[in-house]
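A.B. asks: sequence first, then the predicted structure, then my questions.
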Amino acid sequence: MKKKIRDIAQNIKRHRDYEIAYEITNNAIGCSHVIYNNVEQQFWLVNSENLGGSKPIYDFNNNIVGTRSDSGITTYTADGRPIYKNLKIGEVLILNHEGKHDIQTPRGINQLEIFNRTTYIPSKKDEEYATNILIRLAGDGKTYSFRDIVQILSIQREIDRDKEKLEKATDEEAKILLQRIETKEQEKKSYLDKAQGFIRKCAQLRYQPILDPAQESIKRSKIFDGTLIINGGPGTGKTTSLIQRIKFLISPSIEEYKVLTQTQKDVLFSQKTSWIFYSPNELLALFLRNSMKSEELTADSERVKVWTSHKNDLVKIYRFVSETKRPFLIYNKARGINLFTNNAQSISTIIEGLENSYMNFQKGKLNKAAEIDVTPFKWKRAGQSIQRHIKERDNAKSIEDLIGLFLSLAETFKNETDTNSAEYKTIIEKVALRIQVIIQKDNERTATLSALLKQWKTETAGTEEDEDEETDIEQEDFEEKEELTTFDFEKELFIKLKSLCRKQALKKYDRNTKLSKRDRELLALIPEVTEQKEYDSLGQAAYFKKFFERITKGIAANILREVPMIYKKYRREQLSLKSDNWNLTILDELVKKDRNSRIHPDEQALLLLFVNKIVLKICKSFRIQFNSINHPYINGFKTHCKPVIGIDEATDFSIIDLIAINSFGHPELSSVTLSGDLMQRMTSEGLTSWQDFTQVIPNSEVKNLNISYRQSPTLLSLAKAIYQKSTKQAANYVSYIEKDDAEPKPLMFISPKEDDKLQWIADRILEIYRAHGDSIPSIAIFLPEESQLETFANYLGGLDTLADVGIPVKACRDGQVLGDETSVRVFSIKVIKGLEFESVFFHNIDELQKQNLANNLFLRYLYVGLSRATFYLGMTISNELPDEFAFIADSFDKTGKTWTI
């Protein structure tokens, strides 16, 4: 029982009339005629869950926290049955337009038989009702495409009218009418068979509430089961699929696919904690927010992030970078150049090397304590007990083993370490205060020391201190951290005296104790520090604190706190080894010139990844400590880990950045989804193959989208040619639109005269304007440089050809003015990813080619630029392109042909 297209259109019109009349907010976006549970029914796919006669109550984060009674209704139910698209039955309706299917319900299995499927976008424009209509009928292999409902019904109405006249007509009149009816029937058939009429304006997938079956299958795959990569060429809907996947994963309907604990529900069903979306730049982030809002996602700056900016924030939140300038400052000279060799093998080697260095340091620290001769010390019994404890557990093979050992040491020897710590505190304060009283009675010495300490507070530390990675940890262990507030002489002097006295006392027992240049300056001004009667007891207590108390301070003091120090040692070793996994020029600058005090953006990602992995181990194996420890790494991870993470244009990210983002998956459940096109990589540090990612991240899978909805076959064939030239591989995507001889052919104009080229562009714009009924579709012009935008836009906009008919031209600096579709927009070609236009012009593209761009970047710019266009593509150049790019020119008409229709 196959419904005709006309009947489907009438059903949609009737349903839209009701939705408009009742001011329905949750409008239908598709429909199917079915038999379900032995009952013939009309199913209406809706974008949101049906809240009945209530309206949702939203909290600050746009989460539905309840409903309130309302005189109206949110979803129209009197004309069939609404089906939320993310339910399992919604999946069956989206993936199929025919056949019988078993539907699992709480009461058992029901059978669903489908006879057709229609998807559309509801419209409130007068007499339009719905747009972007795609109809599939059971037993029919075609997809029928229409601009709107009116166009389907108007032809049928004319046929019905003429048939009615035919019944009353004379023979002669009947003959004429019959001919007219046959003509219109043919027109109707042609209209039903042809998909192209509407696509020029409507098939760009800017908002596509129902995905095609391939996209829908990808959307619902790998549900909280590793990492999914959506790979697709231009216009294949990869970003739309990613956005809808986020909504699918955080909707309560996900419980049809996965059983959730209450804790998982609490995390997943709150938009504040449930998802985050990363973009390589702010322009793309802004461009995608409307699509996200259509899916009821709260697309604000807390959830839609530019990774490079967010990474800078994260290293501050994790306290890798702080106002104390320790442990690190940010290295800001990278300019897009990788520190790490950007391939899977090198990144894996660097990560494994850091992990090995970390394990070796921790085990070395424990072994050193275990081998110390403690017999000369008055605390030898406590020391021997600690040594036995270590030796009984000296087989640590993993970070989890180390965590367990440090936790055991802390719990077992708390009393001993507390006793020694109290003794040390009493002695050091007594000695330091005694000397400080003497100093402050001497006004001249006080003034000298005050001036010196104030000067030091505003200066960076000397080279010796910068090269001692353990300085920070010793200062913390011995309570010698400097205040960050305004200068207070008494406090500053007390801290310096404690440090100096401790080192003097400790030298007797630890020959590795050294005085820095500043220490020696102070010692010259404060000779009293050289010897004090308490130094023997102080030295013993300080020795215990340095080698034994430190390893009994637990997880935070050992496992977490020492990461920056270990990393500084690690990269110093990598420089001395001249590792080919690093850019040695930058590494030398970081370690030597910057005194090991700054971190490159690659290192920011590496450190975030490294500590996140440690924190995740603490969370999974030591939950009590995870919940109770107050440390920036644990706090930062708790705040910023998410169960659902989306990464758009993932090929613009380096491997280490993608792995770092992946490490922010939530401990309770995690889904990370990447989308991108390797050919659209626009950064030198970006991903060059999906295999580089999948080799490093286990349980990751690539799924391909092969149908391009944005471009005409003519433009797509050019994109595929560039793809093959650049990658030496054939592109696997095809155009959704059938090839048509009437498609506008790409045009090229070659002239050394700038005025002639601008006039040529103006003439082509006027042709597009007239072809669209004296209105401007979205038109973009791409220039080689950002600095050229204003001058070009002013000149082109001032030509009579455009000015006479009121066509404005706008320079869009940094890719802004996205929503202004009433003007011709001018962009730098370097900021155009994610944008979509009806028509695109490249101006003076040969200038870009002369910039000696590396790694096929010229071809990539061209590929990304032309993939922004739907139908019209024009190009101006000053001279013929070089032979290596002649294949591009072959796809353009250079004979002077126009787009006049």
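C.D. replies: Structure received. Numbering: from 1, shown residues only.

A.B. asks: can we go C-alpha only for contacts and neighbour counts from here?
C.D. replies: Will do.

A.B. asks: correct me, but residue 211 touches residue 243?
C.D. replies: No - checked against CA atoms under 8 Å, the pair residue 211 and residue 243 is beyond contact range at 11.0 Å.

A.B. asks: give me the domain ranges for this protein.
C.D. replies: Following automatic domain parsing, one finds the domains of the chain at 5-194, 213-334+606-708, 414-558, 713-889.

A.B. asks: what's next to stretch 105-116, contact-wise?
C.D. replies: By CA atoms under 8 Å, 6 or more residues apart in numbering, the surrounding residues in contact with stretch 105-116 are 1-3, 32-38, 93, 96-104, 135-138.

A.B. asks: and that stretch, what's its mean pLDDT?
C.D. replies: Mean pLDDT, stretch 105-116: 93.

A.B. asks: do you know which of the domains of the chain lies nearest residue 599?
C.D. replies: Nearest to residue 599, of all the domains of the chain, is domain 213-334+606-708, at 5.3 Å by CA to CA.

A.B. asks: report the rounded mean pLDDT for the closest one.
C.D. replies: 93.

A.B. asks: now render the domains of the chain as CSV, adding distance to residue 564 and mean neighbour count.
C.D. replies: Output for the domains of the chain, formatted as CSV (distance: least, CA to CA, whole Å; neighbours: other CA atoms under 10 Å):
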stretch, distance to residue 564, mean neighbour count
domain 5-194, 35, 17
domain 213-334+606-708, 6, 19
domain 414-558, 8, 16
domain 713-889, 35, 18
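
A.B. asks: make CSV out of the ones you listed and add distance to residue 391.
C.D. replies: Below are these laid out as CSV (distance: least, CA to CA, whole Å):
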stretch, distance to residue 391
domain 5-194, 52
domain 213-334+606-708, 23
domain 414-558, 14
domain 713-889, 55
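
A.B. asks: related to what we said a few turns ago, so which of the contacts of stretch 105-116 belong to strands?
C.D. replies: 32-36, 99-104, 135-137 (DSSP state E).

A.B. asks: farthest pair in these?
C.D. replies: 104 and 135 (26.4 Å).

A.B. asks: starting at the chain centroid, how far to stretch 800-816?
C.D. replies: For stretch 800-816, the separation from the chain centroid amounts to 33 Å (computed by CA atoms, centre = their mean, to the nearest Å).

A.B. asks: ah, wrong one, I meant stretch 405-424
C.D. replies: The answer for stretch 405-424 is 44 Å, by CA atoms, centre = their mean.

A.B. asks: can you list contacts of it?
C.D. replies: Outside stretch 405-424, the residues touching it (CA under 8 Å, 6+ apart) are 382, 386, 389-390, 393, 538, 541-542, 544-545, 549, 551-555, 558.

A.B. asks: list the contacts of stretch 123-134.
C.D. replies: By CA under 8 Å, 6+ apart, stretch 123-134 touches 12-13, 16-17, 20, 118-122, 143-150, 198, 202-203.

A.B. asks: make it 7 Å
C.D. replies: Residues from elsewhere that reach stretch 123-134 (CA atoms under 7 Å, 6 or more residues apart in numbering): 13, 16, 118-122, 143-150, 202-203.

A.B. asks: could you do stretch 470-490 as well?
C.D. replies: 450, 454, 465, 492, 495, 499, 565.

A.B. asks: pick out the lowest-pLDDT one from those.
C.D. replies: Lowest confidence among the contacts of stretch 470-490: residue 465, with 44.

A.B. asks: in the stretch 1-150 of the chain, which spans are strands?
C.D. replies: Using DSSP state E, counting those that start in this stretch, the strands found in the stretch 1-150 of the chain span residues 28-36, 39-46, 54-58, 64-69, 81-84, 99-105, 108-114, 116-122, 130-137, 143-148.

A.B. asks: those strands: which one's closest to residue 276?
C.D. replies: Here strand 64-69 is closest among those (CA to CA), at 18.0 Å.

A.B. asks: helix or strand with the lowest mean pLDDT in this protein?
C.D. replies: helix 196-202 (a mean of 36; mean pLDDT, DSSP states H and E).

A.B. asks: where does pLDDT dip in the stretch 351-500 of the chain?
C.D. replies: Scanning the stretch 351-500 of the chain with the threshold set as pLDDT under 70 gives 460-469, 483-485.

A.B. asks: in the stretch 451-600 of the chain, which spans are strands?
C.D. replies: Using DSSP E, counting those that start in this stretch, strands in the stretch 451-600 of the chain cover 598-599.

A.B. asks: and if you look at the stretch 201-350 of the chain?
C.D. replies: 226-232, 275-279, 304-306, 329-330.

A.B. asks: bridged to the residue nearest the centre of the chain, which residues?
C.D. replies: What sits nearest the mean C-alpha location of the chain, by CA atoms, centre = their mean, is residue 278, with 1.8 Å. Beta-bridge partners recorded for residue 278 (DSSP bridges): residue 305, residue 647.

A.B. asks: got phi/psi on residue 87?
C.D. replies: Torsion angles at residue 87 (phi, psi; degrees, to the nearest 10) stand at phi -70, psi 160.

A.B. asks: measure the nearest residue to it once chain neighbours are set aside to residue 669 for me?
C.D. replies: Nearest residue to residue 87 in three dimensions, chain neighbours excluded: residue 253, at 5.7 Å (CA to CA, 6 or more residues apart in numbering). In this view, residue 253 and residue 669 are 16 Å apart by CA to CA, to the nearest Å.

A.B. asks: repeat that for residue 765.
C.D. replies: Taking CA to CA, one finds residue 765 at 52 Å from residue 669.

A.B. asks: any stretches of the stretch 51-200 of the chain with poor pLDDT?
C.D. replies: Checking the stretch 51-200 of the chain against pLDDT under 70 turns up 52-72, 155-175, 177-178, 180-182, 184-200.

A.B. asks: ok, 50 please
C.D. replies: 60, 69, 191-200 (pLDDT under 50).

A.B. asks: now residue 457. Nearest residue, chain neighbours left out?
C.D. replies: residue 487 (7.8 Å).

A.B. asks: gap between the two ends of stretch 77-91?
C.D. replies: 20 Å.

A.B. asks: and for stretch 542-557?
C.D. replies: Stretch 542-557 end-to-end distance (CA to CA) = 17 Å.

A.B. asks: ok, residues contacting that stretch?
C.D. replies: In contact with stretch 542-557 (CA under 7 Å, 6+ apart) are residues 369, 403, 406-407, 409-410, 413, 417, 424, 502, 506, 558, 631.

A.B. asks: from those residues, pick the one nearest residue 291.
C.D. replies: Looking across those and measuring by CA to CA, the closest to residue 291 is residue 631, at 37.5 Å.

A.B. asks: for residue 313, see how far away the closest one is.
C.D. replies: 17 Å.

A.B. asks: what does residue 209 give?
C.D. replies: Distance from residue 209 to residue 313, by CA to CA: 34 Å.

A.B. asks: what of residue 299?
C.D. replies: Residue 299 is 19 Å from residue 313, by CA to CA.

A.B. asks: again, but for residue 414
C.D. replies: The gap separating residue 414 from residue 313 is 36 Å, by CA to CA.

A.B. asks: if I read this right, residue 269 contacts residue 250, doesn't it?
C.D. replies: Yes - counting by CA atoms under 7 Å, residue 269 does reach residue 250; the two are 5.8 Å apart.

A.B. asks: torsion angles phi and psi at the residue nearest to residue 750 when sequence neighbours are not counted?
C.D. replies: Closest residue in space to residue 750, ignoring its immediate chain neighbours: residue 877 at 5.0 Å, by CA to CA, 6+ apart. The phi/psi pair for residue 877 (degrees, to the nearest 10) reads phi -140, psi 160.

A.B. asks: burial count for residue 581?
C.D. replies: Counted by other CA atoms under 10 Å, the residues lying close to residue 581 total 18.

A.B. asks: neighbours around residue 593, how many?
C.D. replies: For residue 593, using other CA under 10 Å, the count is 11.

A.B. asks: quick check: it vs residue 582, distance?
C.D. replies: 17 Å.
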